[in-house]
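Engineer: Below are the sequence and a predicted model for it; my questions follow.
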Amino acid sequence: MDALRYTPAGLPLMSFRIAHASEQVEAGHKRKVECEVQAMMLGEPAKTAAGMKAGDSVKARGFLARKSQHSQQLVLHLDKIELIERG
């Protein structure tokens, strides 16, 4: 996790990577799914993420968007994150 930083407008910003692991059913067969994506939080919710550590289990909500106008890379923009269990 990166350190909590602030935008030029003074908004708190956290950037980090979030991992997902689950078992899903696809075409009637169980499939193990694992991935890791770049994520970020902006504003007051970023302060919540700043208190979390690598390995913590969380429940998160947000949306995917391009990293920038000229990039095809996706970033998960979280507006809510809840600690489930310390890692």
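Structural biologist: Nice, thanks for sending it over.

Engineer: The lowest-mean-pLDDT helix or strand in the chain: how far from the chain's middle?
Structural biologist: Least confident element among the helices and strands of the chain, by mean pLDDT, DSSP states H and E: helix 44-50 (a mean of 88). Put simply, helix 44-50 sits 11 Å off its chain's centre (CA atoms, centre = their mean, to the nearest Å).

Engineer: Return the list of helices and strands in contact with that helix.
Structural biologist: When contacts are defined as 3 or more CB pairs under 8 Å, 6 or more residues apart in numbering; DSSP states H and E, helix 44-50 sits against strand 12-26, strand 74-85. Just so you know, the C-beta spots here come from the backbone N, C-alpha and C atoms, and that holds for glycine as well.

Engineer: can you tell which of those strands is closest to residue 2?
Structural biologist: Residue 2 sits nearest to strand 12-26 of all the helices and strands packed on helix 44-50, at 4.7 Å, using CB to CB.

Engineer: quick revisit: turn the helices and strands packed on helix 44-50 into JSON lines, columns for mean pLDDT and mean neighbour count.
Structural biologist: Formatted as JSON lines, these follow (pLDDT from 0 to 100; neighbours: other CB atoms under 10 Å):
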{"stretch": "strand 12-26", "mean pLDDT": "95", "mean neighbour count": "13"}
{"stretch": "strand 74-85", "mean pLDDT": "94", "mean neighbour count": "14"}
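
Engineer: Columns distance to residue 53 on top of the ones you listed, output as JSON lines?
Structural biologist: Below are the helices and strands packed on helix 44-50 laid out as JSON lines (distance: least, CB to CB, whole Å):
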{"stretch": "strand 12-26", "distance to residue 53": "11"}
{"stretch": "strand 74-85", "distance to residue 53": "10"}
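
Engineer: helix or strand right after the least confident helix or strand of the chain?
Structural biologist: strand 57-66 (DSSP states H and E).

Engineer: got the angle between that next one and strand 74-85?
Structural biologist: 170 degrees (axes from the mean of the first three to the mean of the last three CA atoms, to 10 degrees).

Engineer: Good, wrapping up.
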